[in-house]
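A.B. asks: quick one, structure for this:
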Amino acid sequence: MKKVKYLLLRRITQIGLLVLYFGANAYGWHILKGTFGSSLLFGVIPLADPYTTLQVLATGFVIGSDVLLGAAIITLFYFVVGGRAFCSWVCPINMVTDLANWLRRVLKLDKEEVNYRFLKRNARYWLMVLGLIVSAVVGTAAFEVFSPITIMQRGIIFGFGAGISVVIAIFLFDLFGVKNGWCGHLCPLGAAYSLIGQKSLIRVKHDHDACTACMECKVVCPENQVLWMINKESVSVTDGECTNCGRCIDVCGDNALGFSIRAMAQKK
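C.D. replies: Numbering: from 1, shown residues only. The predicted model follows:
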């Protein structure tokens, strides 16, 4: 029987954060107030998304020291836990894309070779740079205008309007179009966090001696190119594109995968 420990923990975290944001607006809670782009924790600690902050800086707008401090705090946090942990543990769109990709497996729609023929994973890095350029040209944080993350958060807090069509489009794109299409190929925010997580401390470790090469981990992994070491050697996943979601650990019946600290993970 497959374990779902990390899946449940991720859902509790994602839904819990949305509840806190909703409570701040509806009931005046002061635990977490704002948006994923810029928040205030306990009414004192500023938190700011690094990529959003860079977009605002690109516009030429002078931002406060509290926002810069908030961006530094978030950058340091994800530098430790793994940049793209934001994508799998915090981002609400992840729940939508996870559902789409689960249905892809159930309906046997996976055709990985088709995905890479017309859409490469590095497209998200180009879009990340383009977002900064457009922000500088038009004078506003470009990605935030169309961000499905912001749209979904505001929809949950204030009610969905036409913005729900963006969320539905991403779901259908991931289901019938490209496997892991939005998060794995297009999202510029994910690209930014993958750069932050290049040297992160918390990693998934592979135990070659315990592995039977069933490849279940590669089936469920949204970035399965990072699991190149499966059935080859005992090393940790060091690629910044790993989301530290724990899917691979949950499905591994051999207990050959688990979280570890980077310095220790390199020791066999």
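
A.B. asks: residue 17 versus residue 123, what's the distance?
C.D. replies: Applying Cβ to Cβ, to the nearest Å, the value for residue 123 to residue 17 is 28 Å. (Each C-beta comes from the backbone N, C-alpha and C, glycine too.)

A.B. asks: more neighbours, the two?
C.D. replies: Set residue 123 next to residue 17 and count neighbours by other Cβ atoms under 10 Å: residue 17 wins out with 19 against 15.

A.B. asks: wait, what's in contact with that one?
C.D. replies: 32, 90 (Cβ atoms under 8 Å, 6 or more residues apart in numbering).

A.B. asks: gap between the helix or strand where it lies and the chain center?
C.D. replies: When elements are assigned from DSSP states H and E, residue 17 belongs to helix 5-26. Relative to its parent chain, helix 5-26 has a centroid offset of 15 Å by Cα atoms, centre = their mean, to the nearest Å.

A.B. asks: and the next helix or strand after that helix, which strands flank it?
C.D. replies: The first helix or strand that comes after helix 5-26 along the chain, using DSSP H and E, is strand 32-34. Sheet pairing here is set by DSSP bridges, and for strand 32-34 it gives strand 38-41 (antiparallel).

A.B. asks: dump the partner strand to CSV, restricted to CA.
C.D. replies: Taking C-alpha atoms only, strand 38-41 is exported to CSV below (Å, rounded to 0.1, in the frame of the first residue of the first chain):
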residue,chain,number,x,y,z
SER,A,38,3.8,40.3,0.1
SER,A,39,2.6,39.3,3.6
LEU,A,40,3.0,40.2,7.2
LEU,A,41,3.5,37.4,9.7
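
A.B. asks: one step back: any idea of the mean pLDDT in the helix holding residue 17?
C.D. replies: The average pLDDT within helix 5-26 is 95.

A.B. asks: ok, stretch 103-118 next?
C.D. replies: 71.

A.B. asks: from here on, call the first residue 50.
C.D. replies: With the count now opening at 50, the last piece we talked about shows up as stretch 152-167.

A.B. asks: need the contact list for the closest residue to residue 75 other than its chain neighbours.
C.D. replies: Counting by Cβ to Cβ, 6 or more residues apart in numbering, residue 75 lies nearest to residue 206, which is 7.8 Å off, once chain neighbours are set aside. Each residue near residue 206 by Cβ under 8 Å, 6+ apart is listed here: 67, 70, 71, 74, 75.
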